[in-house]
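Asks: Prediction below, plus the sequence it came from.
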Amino acid sequence: MRLLVFFDLPVDTSNDRKNYRKFRKFLIENGYMMVQYSIYAKIILNHSVLAYQKKKLMDQIPRKGTVDLLLITEKQYSGMERVTSMNKEAAQIASVERIIEL
């Protein structure tokens, strides 16, 4: 399974920017990989690991902004298509290749 973390945090004040950097650093230090600027993913082995990760995330979420969590299967994640303006053809990337790429 993959836990996707989507976040939209304000960066208006210096304190907001500090909270943004702190949350992003927490994600990276805890094994989350960036999918896009405000989307991070982590492999979750079972539901007890999920509960642990959710608890850790809840302790780190800044007061302002929003954080969304989505749990998906590896099959669903590997079916994601990456389309860029340079190459209009959809490119499916297997989950193992995604780990190596990031």
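Replies: Alright, I've got the coordinates.

Asks: what helix or strand is the residue lying closest to residue 53 once chain neighbours are set aside on?
Replies: Excluding the flanking residues, the one nearest residue 53 by C-beta to C-beta, 6 or more residues apart in numbering is residue 3, at 6.1 Å. Glycine gets a C-beta too; all of them are placed from N, C-alpha and C. Using DSSP states H and E, residue 3 maps to strand 2-8.

Asks: For that strand, list the C-alpha coordinates in CSV.
Replies: Only the C-alpha atoms of strand 2-8 are listed here, as CSV (Å, rounded to 0.1, in the frame of the first residue of the first chain):
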residue,chain,number,x,y,z
ARG,A,2,1.0,3.6,-0.4
LEU,A,3,0.1,6.5,1.8
LEU,A,4,-0.2,9.7,-0.1
VAL,A,5,0.1,13.0,1.8
PHE,A,6,-1.3,16.1,0.0
PHE,A,7,-0.7,19.4,1.8
ASP,A,8,-1.5,23.0,1.2
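
Asks: by contact count, what packs against it?
Replies: Counting by 3 or more C-beta pairs under 8 Å, 6 or more residues apart in numbering; DSSP states H and E, the packing neighbours recorded for strand 2-8 are strand 39-43, helix 47-60, strand 66-72.

Asks: Apply 10 Å and report the result again.
Replies: Under the contact criterion of 3 or more C-beta pairs under 10 Å, 6 or more residues apart in numbering; DSSP states H and E, strand 2-8 touches helix 14-29, strand 33-36, strand 39-43, helix 47-60, strand 66-72, helix 74-78.

Asks: Report pLDDT for residue 99.
Replies: Residue 99 carries a pLDDT value of 53.

Asks: now residue 91
Replies: On the pLDDT scale, residue 91 gets 55.

Asks: centroid residue for this protein?
Replies: The centroid of the chain falls nearest to residue 40 when counting by C-alpha atoms, centre = their mean (1.4 Å).
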